[in-house]
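K.L.:
Provide a 3D model corresponding to the input given below.
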Amino acid sequence: MLKKLSTAAVTAAVTLTVAVTGLTPSSATSTSSETSASATSTSPRGTVENARIAAHFDLAKGRMPENIALSPGGTAYVTFAAARQIAQVTPSGTTRILATLPEPADGGIHTPVLGFALTTGIVRAHDGTLYVLYATGSDDLTGLWRLRPGGEPRRIAALPANGLPNGLALDPRTRTLYMTDSVLGVIWTVPTSGGTPTAWSTAPELASTGFLGANGLKIHRGAVWATNLDRGTLLRIPVLPGGRAGRVQTRATGLTGIDDFAFTGRGDRVLATLNGPSEVALVRRDGTHSTVLTAADGLQNPTSVALHGDTVYVLSAAYITGQDPNLVLAHLND
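P.N.:
Just a heads-up that it's a prediction; the model follows:
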């Protein structure tokens with residue numbers, strides 16, 4: 001069943017992502033290689049070096065890694081999209097499945113846009129509790145799930161079945177979880193204890209233009225930051241007194257196929273995964289950006305990025321290439 005599901009997932013992702021980005025697998029590879037040469041030669045500071053593939057994942061089992069959260073020791077917690085799984089991956093590449101979420105009665109074929117059930121965003125609380133988003137197209141399963149260490153996954157907040165919950169971020173100070181919906185163009189909030197989500201922002205900048213809109217999500221220096229895949233933008237939304245959403249600020253444009261991102265620790269500078277082109281871009285405070293990793297470094301439609309010190313973790317789901325879902329580790333030259 002997983003083999004059939006992963007094949008359908010790859011087919012759907014290829015069709016839809018190529019339609020949005022205008023790329024084929026071959027053109028994505030050649031474009032990223034050409035961009036890399038100019039970007040790395042003109043931007044010695046902030047480049048990413050010594051990339052290596054630390055782990056390969058089983059595409060036939062639907063183990064296309066979608067999102068990542070790191071422990072203080074550098075262990076990665078990963079969602080495998082079409083396998084509906086939550087996994088632990090060590091820096092040495094050892095993978096352990098922690099949980100598999102229930103399969104929808106219809107197999108997930110009514111999941112908006114993609115047509116298969118998938119686990120998406122993941123965050124880790126300081127006590128090791130994992131929070132995961134699950135999109136199924138069904139009312140009984142779509143939403144926010146919690147996995148405590150040694151426990152079983154449990155849904156703690158329902159989200160609209162006609163949406164696609166995707167990016168997830170945790171504000172530990174207020175114990176609030178923020179969630180993007182890539183189809184409905186909403187950022188939701190819900191307490192870590194669970195309950196009924198609140199639509200925190202429905203700004204037009206979050207909307208899709210036909211495929212997927214609001215996607216990656218982070219909380220940084222008094223603001224919620226999000227990406228919009230369709231529009232190729234990086235957005236900043238200030239958190240106002242009382243926790244209300246401020247006006248959306250577009251901080252960068254021209255980021256084709258932008259998915260997830262991570263702050264490097266230097267102000268508002270980020271590393272962002274560009275899914276269709278199979279690249280990671282360094283986005284500076286002024287919105288300019290350059291390519292720092294490409295398909296030549298092992299990337300195959302990267303979906304998420306995280307940093308542990310100066311070590312960069314990049315997950316690739318191989319949605320378009322259909323070849324090698326993997327984890328790439330590299331060094332941030334800062």
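
K.L.:
Please name the residues that touch residue 228.
P.N.:
205-208, 213-215, 235, 258 (C-beta atoms under 8 Å, 6 or more residues apart in numbering). For the C-beta atoms, the positions are set from N, CA and C on the backbone; glycine is no exception.

K.L.:
got it, and residue 46?
P.N.:
264, 266, 269, 282, 284, 292, 332-334 are the contacts of residue 46 under C-beta under 8 Å, 6+ apart.

K.L.:
And for residue 130, the neighbour number?
P.N.:
22 (other C-beta atoms under 10 Å).

K.L.:
Pull the distance from the helix or strand containing residue 178 to the chain's centre.
P.N.:
Using DSSP states H and E, residue 178 falls within strand 176-181. Centroid displacement of strand 176-181 relative to its chain, using C-alpha atoms, centre = their mean, to the nearest Å, is 13 Å.

K.L.:
what is the rounded mean pLDDT of that strand?
P.N.:
Averaging pLDDT along strand 176-181 gives 98.

K.L.:
now for it, which elements pack on it?
P.N.:
Packing partners of strand 176-181 (3 or more C-beta pairs under 8 Å, 6 or more residues apart in numbering; DSSP states H and E): strand 118-124, strand 165-171, strand 186-191, strand 214-220.

K.L.:
partners of that strand in the sheet?
P.N.:
Sheet partners assigned to strand 176-181 using DSSP bridges are listed as strand 165-171 (antiparallel), strand 186-191 (antiparallel).

K.L.:
re earlier: quick one: buried ones out of the contacts of residue 46?
P.N.:
Among the contacts of residue 46, those classed as buried by 16 or more other C-beta atoms under 10 Å are 264, 269, 282, 284, 292, 332.

K.L.:
Pull up the gap between the second one and residue 129, please.
P.N.:
This means residue 269. 29 Å (C-beta to C-beta, to the nearest Å).

K.L.:
same question, the first one
P.N.:
According to C-beta to C-beta, residue 264 stands 26 Å off from residue 129.

K.L.:
Over to the third one?
P.N.:
As for residue 282, its distance to residue 129 is 32 Å (criterion: C-beta to C-beta).

K.L.:
cool, the last one as well?
P.N.:
Residue 332 sits 28 Å away from residue 129, going by C-beta to C-beta.

K.L.:
With residue 208 instead?
P.N.:
Counting by C-beta to C-beta, the gap from residue 208 to residue 129 is 31 Å.

K.L.:
just residue 229 next, same as before
P.N.:
28 Å.

K.L.:
Check residue 123 too.
P.N.:
9 Å.

K.L.:
Tell me which of the two has more neighbours.
P.N.:
Between residue 123 and residue 129, counting by other C-beta under 10 Å, residue 123 is the more crowded of the two (25 against 15).

K.L.:
residues touching that one, list them.
P.N.:
69, 130-131, 168-170, 177.

K.L.:
which residues touch residue 223?
P.N.:
236-239, 246.

K.L.:
mind redoing it with 10 Å?
P.N.:
The contact partners of residue 223, by C-beta atoms under 10 Å, 6 or more residues apart in numbering, come to 235-240, 245-246, 249, 251, 268.

K.L.:
ChimeraX command for the buried members of those?
P.N.:
This is how ChimeraX selects the buried members of the contacts of residue 223, with burial counted by 16+ other C-beta under 10 Å:
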select :235,236,237,239,245,246,251,268
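
K.L.:
Can you tell me which of the contacts of residue 223 lies closest to residue 160?
P.N.:
residue 245 (18.7 Å; C-beta to C-beta).

K.L.:
is it true that that closest one touches residue 205?
P.N.:
No: with contacts counted by C-beta atoms under 10 Å, residue 245 stays clear of residue 205, the gap being 11.3 Å.

K.L.:
still on that earlier bit, so for residue 123 and residue 129, which residues contact both of them?
P.N.:
Between them, residue 123 and residue 129 share the contacting residues 170, 192, judged by C-beta under 10 Å, 6+ apart.

K.L.:
what pLDDT does residue 6 get?
P.N.:
On the pLDDT scale, residue 6 gets 43.

K.L.:
so who does the closest residue to residue 266 other than its chain neighbours touch?
P.N.:
Nearest residue to residue 266, sequence neighbours excluded (C-beta to C-beta, 6 or more residues apart in numbering): residue 334, at 6.8 Å. Listed by C-beta under 10 Å, 6+ apart, the contact partners of residue 334 are 45-48, 264-266, 269, 307, 309-310.

K.L.:
Low-confidence ranges, the stretch 51-200 of the chain, go.
P.N.:
Residues of the stretch 51-200 of the chain meeting the criterion pLDDT under 70: none.
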